[in-house]
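Participant: Would you be able to build a 3D model of this:
(2 chains)
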Amino acid sequence: MMVSVETTGGLERRMKVQVPADRIENEVDTRLQSYGKTAKIKGFRPGKVPMKVIRQRYGGQIRQEVLGEVMQSSYFEAISQEKLRPAGGPRIEPDKVEQGQDLEYTAIFEVYPEFELKGHEGIEVDRPVAEIGDEDIEEMMSNLRRQRSEWLEIEGAAEPGHRVIVDFEGKLDGESFTGGSGQEVPIVLGEGGMLPDFEGGLTGMSANEEKDIKVSFPEEYGAEELAGKVADFHVKVTKVEERELPELDDEFCKAFGIQEGGVEKLRDEVADNMRREMEQTVRLKLKEQIMDGLLARNELDLPGVLVEDEIRGLRESAARRMGVDPSEASNLPPRDTVEEPARRRVKLGLLVAEIIRQSEIQLDQTRVRERIKELAAGYRNPDEVIKLYTGNRQLMDQLEMEIMEEQVVDWLIERAVIRENAMPFKELMNP
Amino acid sequence: MSQERLMTVLLGPHISEKGTLLAEKSNQIVFKVRRDANKAEIRKAVELMFDVKVEGVQVVNNRGKSKRFGRMTGTRASWKKAYVRLAEGQDIDFLGAE
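Facilitator: Residues are numbered from 1 along each chain as shown, chains lettered A, B, ... in the order given. Prediction:
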């Protein structure tokens, strides 16, 4: 087998491969022979068909098959012989396929870029440091109370903070429009859930009152046909309700699954939760910065096929998220919007792979097991979840990849220059 | 023996184990032919259609099998087969032409 490689620019390679004729013809013969043992041709008993007839009848077809396979296997042989690392599949152009002659073809493909990992040490990152203060916990607690609040019907006019139940019908120039009407819609006043005009109109109304409200939509309103327009709403208030916060007592704690220990226990639990969330956020922020730093410090050629694949993947998953059929081309978001993220992801993937190779990071199996346990703990029957994970290769792969990535990030963080950056808890969680 | 008739004499090759065996051993080709064709016609027809030299022709009349479908009895059409021996060094390749 003769192989010659030619660089046509960038990462593209043209590989000419020549396979000796014997290799093909021998293969064709053995196949024909084995096929002849079972072939059924009219006028012959099975297995008694002369070779000549078999060859005449099936020769071409089998030759095609063999050619395809030989091309494939010799392609891989050639790749390993030349020590190339192709990115994506090759485009194969047969040059010579005549019988009795050496097979020649050209495979065109892109290779992974060879690059020197740069600047993976001493990436500067800010580690946000925050304290969870008592007031933060208090706020969380009152949030919990608000979530559990009950609404009591009251007499009299609605004020901000009250909840009104309304039926409404909106008309734009005398025409109804989609989303313009509703029945029994609960609206909490003063939370900005509805347009200010609408809420303003409702304030001061009491139960069983009807009213017409003019609502002007803002210029940058989501629905284009409404933006900047003024619509007339006819509203009818069926109920006005007042919020009643539940008492902070053992009963309240039980609703959150705290059977014993009462309010103190709940507070601890909440604080714990907040701490965990904070840790996660900090990790995420560190990771972002590390990855950004890595990207900024390395410049490399990206194989076009990989980028294309990534673009396709991103567009399809975006379409799936919007709940439309991704196989329909018109449903996909425009290409330009995903091209940059796709390039970023491909580049990052290459860099991370290179780090794994260079640093010889091994997958930490105990970490994998711990992660599964952690995941499972959140479910009602953890054992089954663990079984589900360990039994499913795909899920495991996904998990292992995640952990590998974390290990890479850890590795980078070890080598990074970390600046501590104190900030209040709230700012960290809701920037 | 118009050329027009000669064109209709040969109905098709008869492909069988015996046929291929004879083709290799004694350079004979087997045809299915019209029932009313005679040896002379067959010789001419083969020479015309395949542009070869024919050395001899043997013919066989095959009686159609009688077949039954429930209570109905019927007969398949009888047919004639011709073994045509070609002059040495000559060959007809049916399969390759497909």
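Participant: Where do the helices of chain B begin and end?
Facilitator: Counting by DSSP state H, the segments of chain B that form helices are B:3-9, B:17-26, B:39-50.
Participant: What's the per-residue pLDDT of whichever residue of the stretch 51-200 of chain A sits closest to chain B here?
Facilitator: Distances between the stretch 51-200 of chain A and chain B by Cβ to the nearest Cβ are smallest at residue A:56, namely 3.8 Å. Where you see a C-beta, it was placed from the backbone N, CA and C, and this is true even at glycine. Reading off the per-residue confidence, residue A:56 sits at a pLDDT of 80.
Participant: you'd agree residue A:413 is up against residue A:290?
Facilitator: Yes. Applying Cβ atoms under 8 Å as the test, residue A:413 and residue A:290 come out as touching, 6.4 Å apart.
Participant: More neighbours: those two, which one.
Facilitator: residue A:290 (22 against 17; other Cβ atoms under 10 Å in any protein chain shown).
Participant: Which of the helices or strands spans that one?
Facilitator: Residue A:290 is located in helix A:262-297, with elements delineated by DSSP states H and E.
Participant: returning to what we had before: mutual contacts of residue A:413 and residue A:290, please.
Facilitator: A shared contact of residue A:413 and residue A:290, defined by Cβ atoms under 8 Å, 6 or more residues apart in numbering or on different chains, is any residue touching both; here these are residue A:125.
Participant: Beta-bridge partners for the most centrally placed residue in chain B, please?
Facilitator: In chain B, the residue lying closest to the centroid (Cα atoms, centre = their mean) is residue B:31, at 1.7 Å. Note on residue B:31: beta-bridge partners residue B:13, residue B:82, judged by DSSP bridges.
Participant: Where does the residue of the stretch 51-200 of chain A closest to chain B sit: helix, strand or coil?
Facilitator: Under DSSP: H, G, I helix; E, B strand; the rest coil, residue A:56 falls in the helix class.
Participant: which one of the helices of chain B is the most hemmed in?
Facilitator: Here the criterion is mean neighbour count by mean count of other Cβ atoms under 10 Å in any protein chain shown, and of the helices of chain B the winner is helix B:39-50, at a mean of 18.
Participant: picking up where we left off before, report all helices and strands that the helix holding residue A:290 contacts.
Facilitator: The criterion is 3 or more Cβ pairs under 8 Å, 6 or more residues apart in numbering or on different chains; DSSP states H and E, and the helices and strands that helix A:262-297 contacts are strand A:124-129, helix A:134-147, helix A:250-255, helix A:335-359, helix A:393-414, helix A:425-429.
Participant: and residue B:64, how many neighbours does it have?
Facilitator: With neighbours defined by other Cβ under 10 Å, the count for residue B:64 comes to 11.
Participant: Contacts only, for it.
Facilitator: Under the contact definition (Cβ under 8 Å, 6+ apart), the residues listed for residue B:64 are B:75-79.
Participant: from those residues, which single one is nearest residue A:23?
Facilitator: Taking Cβ to Cβ as the measure, residue B:79 is the one of the contacts of residue B:64 closest to residue A:23, at 46.9 Å.
Participant: And for residue A:96, nearest residue in space, chain neighbours not counted?
Facilitator: Computed as Cβ to Cβ, 6 or more residues apart in numbering or on different chains, the closest residue to residue A:96 that is not its neighbour in sequence is residue A:104, at 4.2 Å.
Participant: Need the residues that contact the one helix or strand that neighbour maps to.
Facilitator: Element membership of residue A:104, judged by DSSP H and E, is strand A:103-111. The contact list for strand A:103-111 (Cβ under 8 Å, 6+ apart) reads A:8, A:10-19, A:21, A:24, A:67, A:70-71, A:75, A:78, A:84-97, A:303-306.
Participant: Then stretch B:72-89?
Facilitator: With contact meaning Cβ under 8 Å, 6+ apart, stretch B:72-89 is reached by B:11, B:14, B:22, B:26-35, B:37, B:39, B:42-43, B:46, B:52-68, B:92.
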